[in-house]
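Asks: Build me a model from this:
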Amino acid sequence: MKKVRHRAEEMRAEYKRSDLGAGVRGRFYSQYQKGHNLVLLKPEVAAAFPTDEAVNEALLSLVRIAKAALRER
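Replies: Sure thing, here's the model as predicted:
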């Protein structure tokens, strides 16, 4: 029985496999194992912050507020 090849698996005619280079399996595996900090925000949350710096400032403010609240107890 022949394996059916889906259209999504095929490369477009303008691309040639030889132009893409050799590729290295697991090139970034060690960096990934060390940890990653990618966080996906909901669209409505992302819309509230124009930059990544704004997100970091807001989160750091929240951390400071939470620490202060714990100290007051």
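
Asks: in the protein, what secondary structure element scores lowest on mean pLDDT?
Replies: Least confident helix or strand, the chain: helix 29-34 with a mean of 86, by mean pLDDT, DSSP states H and E.

Asks: residues near Leu38, how many?
Replies: As a burial measure, Leu38 scores 4 neighbours (other Cβ atoms under 10 Å). C-betas here are computed from N, CA, C, even on glycine.

Asks: Quick check: phi and psi on it?
Replies: Per-residue torsions, Leu38: phi -70, psi 130 (degrees, to the nearest 10).

Asks: List the buried residues in the lengthiest helix in the chain.
Replies: With secondary structure taken from DSSP state H, the chain has its longest helix at helix 52-72. By neighbour count on 16 or more other Cβ atoms under 10 Å, the buried set for helix 52-72 is Val55.

Asks: one step back: distance from the chain centre to the least confident helix or strand of the chain, please.
Replies: 14 Å (Cα atoms, centre = their mean, to the nearest Å).

Asks: mind listing what's buried in that helix?
Replies: Under 16+ other Cβ under 10 Å, helix 29-34 has no buried positions.

Asks: quick one on the thing from earlier: which residues touch the longest helix of the chain?
Replies: Outside of helix 52-72, the residues within contact range by Cβ atoms under 8 Å, 6 or more residues apart in numbering are 41, 49.
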